[in-house]
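> Next come a sequence and a model predicted from it.
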Amino acid sequence: MSRILLGVTGSIAAYKAADLTHRLTKDGHLVDVVLTKAAAEFITPLTLHTLSSRPVYSHNQFADNYDDVRHIALARDADVAIIAPASANIIGKLASGIADDYLTTVFTALRTQARLIAPAMNTFMYENPIVQENLAKLISYGFELIEPTEALLACGDIGKGALPAVDVLLQRIYARL
Ligand SMILES: Cc1cc2nc3c(=O)[nH]c(=O)nc-3n(C[C@H](O)[C@H](O)[C@H](O)COP(=O)(O)O)c2cc1C
């Protein structure tokens, strides 16, 4: 049994995080899900809690638990950490060392374990040189990129930017366990 830290950000692809959580849990792993404020607009903590049978951590976690240093324990105990889907925003924040909410704080506290990042966004956002530079920086610091696939995106464009299928995400996670 391994511990998987799953960060979820504000993308329409956040619905896939529910299936990912379900499959990892069914395979016997402990899944700690951390949501950004925007992610909670797309998928509820209740859904992820029910699928993982574990607490789910969201953006206002600090306000709810002033005495708790769980963000450090979550980072320390993870065998693999993955952000899926990863927004352009979270990629920029992590690449800049910004830790202004629960997810960015936990991911900034990670040490040497495997860190995977699966961007999902509109093609023009993904191809934006600033986003690409931020991703390159994260990769240079040890993040492993799970490249988005080409698809008909939620915005109606066809192009690169879709979160890969859950089977692909699972394969990449298990390759690092
Ligand atoms: C309907 C909708 C879909 C969105 N999808 C994406 C997306 O796929 N990728 C992305 O980077 N941002 C997307 N955004 C914008 C993010 O939600 C926004 O940048 C947010 O601030 C991200 O916050 P977070 O990184 O803290 O989750 C979307 C916004 C809306 C309203």
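Received the coordinates, thanks. Numbering: from 1, shown residues only.

> Please count neighbours and contacts with C-alpha atoms only from this point.
Noted.

> what about the protein, any weak spots by pLDDT?
Residue ranges of the chain with pLDDT under 70: 62-67.

> near the ligand, which residues of it show up?
The chain comes close to the ligand at residues 9-12, 36-39, 87-90, 120-121, as judged by CA under 6 Å from any ligand atom.

> quick check, nearest of those to Asn134?
Ala88 (9.0 Å; CA to CA).

> neighbours of that closest one, just the number please.
Neighbour count of Ala88, defined by other CA atoms under 10 Å: 23.

> pretty sure it is in contact with Pro119, am I right?
Yes: contact between Ala88 and Pro119 holds when scored by CA atoms under 8 Å: they sit 7.3 Å apart.

> intersection of neighbour lists for these two?
Tyr126 (CA atoms under 8 Å, 6 or more residues apart in numbering).

> Let's check: the centremost residue of the chain is which one?
Nearest residue to the geometric centre of the chain (CA atoms, centre = their mean): Ile83, 1.7 Å.

> For the chain, which segments are assigned as strands?
Remark: strands assigned in the chain by DSSP state E are 3-8, 30-35, 56-57, 80-86, 114-119, 143-145, 149-152, 158-162.

> got the buried residues for the second one?
When burial is assessed from 16 or more other CA atoms under 10 Å, strand 30-35 yields the following buried residues: 30-35.

> Dump it to CSV, keeping only the CA atoms.
Below are the C-alpha coordinates for strand 30-35, written out as CSV (Å, rounded to 0.1, in the frame of the first residue of the first chain):
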residue,chain,number,x,y,z
LEU,A,30,-4.1,5.7,0.5
VAL,A,31,-5.1,8.8,-1.5
ASP,A,32,-4.7,12.3,0.1
VAL,A,33,-6.6,14.8,-2.1
VAL,A,34,-5.8,18.5,-1.9
LEU,A,35,-8.1,20.9,-3.8
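
> what comes into contact with it?
Contacts of strand 30-35 (CA under 8 Å, 6+ apart): 1-9, 21, 24-25, 45, 48, 52, 54-59, 74, 102-103.

> coming back round to it: show me which of the residues of the chain next to the ligand are buried.
Those of the residues of the chain next to the ligand that meet the buried threshold are 9-12, 36-37, 39, 87-88, 90, 120-121, by 16+ other CA under 10 Å.

> Which single one of these is nearest to Arg111?
Taking CA to CA as the measure, Ile90 is the one of those closest to Arg111, at 18.3 Å.

> From Gly156, how far out is the closest one?
Distance, Ile90 to Gly156, using CA to CA, to the nearest Å: 23 Å.

> Now do the same contact list for Phe42.
Neighbours of Phe42 in contact, by CA under 8 Å, 6+ apart: 10-12, 14-15.
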